[in-house]
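[1] Provided below for reference: sequence and predicted model.
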Amino acid sequence: MAAPSTGGYEFAVIVPTYNEADNVERIIDGLDTALAGIRSEVIFVDDWSRDGTAERIGELAKGRSDIRVLRRFGRNGLASAVIEGMMATMAPVVAVIDGDGQHDERLLPRLFSMVRGGSADVAIGSRYCQNGSTGNWDSFRLKCSRAATNLSRLVLQSPVSDPMSGFFAVRRDKVEALLPRLSGRGFKILFDLLTSSPEPLRAVELPFEFRTRTAGESKLGAGVALDYLVTIADRLIRRYVPPRPVMFAIVGTLGLGVHLAVLKAALGWGGLSFGAAQTVAVLAAIAFNFLVNNSITFRDRRLKGLRMLAGLASFYAVCGLGALANIGTGVVLFAEHHGWWAAGVAGAAVGSVWNFAASMLVTWRR
Ligand code: GDD
Ligand code: MN
């Protein structure tokens with residue numbers, strides 16, 4: 001079999017842009033110089049800039065097949081722009097560099113060769129390793145960046161000084177393998193890659209000095225910061241919450257506690273008959289199970305709004321059938337002269353497995 005086509009390129013540099021019309025000429029010039037001698041292509045991913053960024057690139061790249069612009073409709077975010085750029089090339093090594101000139105493109109050949117040579121899965125341009133620098137940031141930006149970097153240690157597996165860097169090279173097959181796990185949210189694509197990998201990525205860092213923006217303005221705002229916190233929370237949940245069936249079982253056990261508490265309240269303060277109180281308790285326990293499973297066990301398929309009501313209804317139906325399966329199994333086994341407790345446990349097991357499988361296929365279906 002022939003080797004997979006790389007389109008002839010051994011390296012692709014992805015440049016995300018949003019309103020960078022006044023910067024792209026300098027970027028292209030810088031990349032032309034830096035990448036001389038490497039069979040490489042440059043892919044701009046532009047999010048519907050309103051200042052003519054894509055048109056400007058089009059003029060500058062006229063007649064060249066090694067520069068492309070992917071245009072997207074709406075502003076979909078830096079991380080997803082980078083992912084789309086990486087998916088649009090067949091080159092085995094890909095890199096990202098900002099489109100505003102703040103990253104030092106002269107580092108690219110070294111980042112490239114460290115990844116191609118196999119000494120690392122990812123080679124990072126770092127502002128925080130020895131000899132790196134954030135340039136002349138104001139103290140507020142510096143504090144925020146340091147705080148975000150420290151917070152990242154909670155979930156990071158590789159010892160990396162600058163996991164927030166937007167400047168790195170990586171093996172494309174590594175990115176491809178991680179695609180289904182990436183959040184694609186916000187700004188932090190490197191952080192996303194590092195924290196999504198089941199086994200730690202082999203990372204190396206090279207220092208550079210973050211330059212000052214000379215044209216246009218930064219897009220990093222409160223929304224980006226919030227996205228980042230959500231990503232951290234998501235990673236922590238992924239790490240500490242057990243896989244689905246185990247989580248489902250834990251929730252079910254907690255649900256038994258809810259059942260008994262509601263039963264006691266309905267009998268005592270509510271003054272209901274046992275039958276009525278037991279019914280209320282069952283309905284409450286199922287609703288509890290539904291809510292917790294919806295927000296944790298099946299958080300990746302979480303139902304919202306009206307779909308949540310429909311989901312609750314279907315979960316009642318699933319659990320109702322589960323109870324029938326439970327009772328049926330118990331009755332049959334007991335009739336076959338198995339012990340009362342064995343028949344009871346087997347019934348409960350059948351009912352639980354049914355509840356898990358059926359709710360996954362119906363209530364939280366894909
Ligand atoms: N396609 C696309 N879509 N590009 C975007 C978007 C977007 O929604 N938002 C920003 N960009 C582009 C910008 O045009 C620029 O080329 C690059 O992404 C970086 O954006 P800036 O707004 O200049 O970010 P910054 O300089 O504040 O942040 C830099 O440092 C951060 C760490 O402190 C970037 O390198 C970040 O990646 C990095 O995390
Ligand atoms: Mn910038």
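    Ah, there it is. Residues are numbered from 1 along each chain as shown. Ligands and ions are numbered 1, 2, ... in the order given.

[2] residues of the stretch 151-300 of the chain that sit close to ligand 1?
    Counting by CB under 6 Å from any ligand atom, the residues of the stretch 151-300 of the chain close to ligand 1 are Met164, Gly166, Phe187, Lys188, Ser218, Lys219, Leu220. Where you see a C-beta, it was placed from the backbone N, CA and C, and this is true even at glycine.

[3] how about the helices in the stretch 201-350 of the chain?
    Listed in chain order, the helices found in the stretch 201-350 of the chain under DSSP state H, counting those that start in this stretch are 222-240, 244-268, 274-292, 306-335, 340-358.

[4] format those as a markdown table; extra columns: mean neighbour count.
    Below are those laid out as a markdown table (neighbours: other CB atoms under 10 Å):
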| stretch | mean neighbour count |
| --- | --- |
| helix 222-240 | 14 |
| helix 244-268 | 16 |
| helix 274-292 | 17 |
| helix 306-335 | 16 |
| helix 340-358 | 16 |
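
[5] low-confidence regions, the chain specifically.
    Scanning the chain for pLDDT under 70 picks out the ranges 1-6.

[6] at 50 instead, please
    For the chain, the stretches with pLDDT under 50 are 1.

[7] circling back to that earlier point, of the helices of the stretch 201-350 of the chain, give the one that comes closest to Leu31.
    helix 222-240 (25.3 Å; CB to CB).

[8] re earlier: ligand 2 is nearest to which of the helices of the stretch 201-350 of the chain?
    helix 222-240 (11.7 Å; CB to the ion).

[9] what about dumping the CA coordinates of that closest one to PDB?
    Taking Å, rounded to 0.1, in the frame of the first residue of the first chain, the C-alpha atoms of helix 222-240 are listed here in PDB:
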ATOM      1  CA  ALA A 222     -14.300  37.700  30.300                       C
ATOM      2  CA  GLY A 223     -16.100  35.100  28.100                       C
ATOM      3  CA  VAL A 224     -12.800  33.400  27.300                       C
ATOM      4  CA  ALA A 225     -11.900  33.300  31.000                       C
ATOM      5  CA  LEU A 226     -15.300  31.700  31.800                       C
ATOM      6  CA  ASP A 227     -14.900  29.100  29.100                       C
ATOM      7  CA  TYR A 228     -11.600  28.200  30.700                       C
ATOM      8  CA  LEU A 229     -13.100  27.700  34.100                       C
ATOM      9  CA  VAL A 230     -15.800  25.500  32.600                       C
ATOM     10  CA  THR A 231     -13.100  23.400  30.900                       C
ATOM     11  CA  ILE A 232     -11.200  22.900  34.200                       C
ATOM     12  CA  ALA A 233     -14.400  21.800  35.900                       C
ATOM     13  CA  ASP A 234     -15.200  19.500  33.100                       C
ATOM     14  CA  ARG A 235     -11.700  17.900  33.300                       C
ATOM     15  CA  LEU A 236     -12.000  17.400  37.100                       C
ATOM     16  CA  ILE A 237     -15.400  15.800  36.700                       C
ATOM     17  CA  ARG A 238     -14.000  13.500  34.000                       C
ATOM     18  CA  ARG A 239     -11.200  12.500  36.300                       C
ATOM     19  CA  TYR A 240     -13.100  11.900  39.500                       C
END
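
[10] let me see the contact set for the spatially most central residue of the chain.
    For the chain, Ser183 is the residue whose C-alpha lies nearest the centre (CA atoms, centre = their mean; 1.9 Å). The contact partners of Ser183, by CB atoms under 8 Å, 6 or more residues apart in numbering, come to Ala79, Asp192, Ser196, Thr231, Asp234.

[11] could you pull up the residues touching the residue in the chain that ligand 1 sits nearest to?
    Across the chain, the shortest distance to ligand 1 (CB to the nearest ligand atom) belongs to Gly166, at 2.2 Å. With contacts taken as CB under 8 Å, 6+ apart, Gly166 has the following neighbours: Leu78, Val96, Ile97, Asp98, His103, Phe187, Ile189, Leu190.

[12] the fourth one against Ile14, yeah?
    No: counting by CB atoms under 8 Å, Asp98 does not reach Ile14; the two are 10.4 Å apart.

[13] what does the stretch 101-250 of the chain put close to ligand 2?
    Contacts of the stretch 101-250 of the chain with ligand 2, taken as CB under 5 Å from the ion, map to Gln102.

[14] just to check, Gly132 is in contact with Leu107?
    No: taking contacts as CB under 8 Å, Gly132 lies outside contact range of Leu107: 10.5 Å.

[15] related to what we said a few turns ago, ok, the contacts of Ser183 vs Ala88, which is closest?
    Ala79 (15.2 Å).

[16] need the nearest residue in space to that closest one, chain neighbours excluded.
    If the residues on either side of it in the chain are set aside, Ala79 comes closest to Ile189, at 4.3 Å by CB to CB, 6 or more residues apart in numbering.

[17] in the stretch 101-250 of the chain, which spans are strands?
    Using DSSP state E, counting those that start in this stretch, the strands found in the stretch 101-250 of the chain span residues 122-126, 168-171, 203-207.

[18] same for the second one, what does it pack against?
    Contacting strand 168-171 under the criterion 3 or more CB pairs under 8 Å, 6 or more residues apart in numbering; DSSP states H and E are the following elements: strand 93-96, helix 108-116, strand 122-126.

[19] great, nothing more from me.
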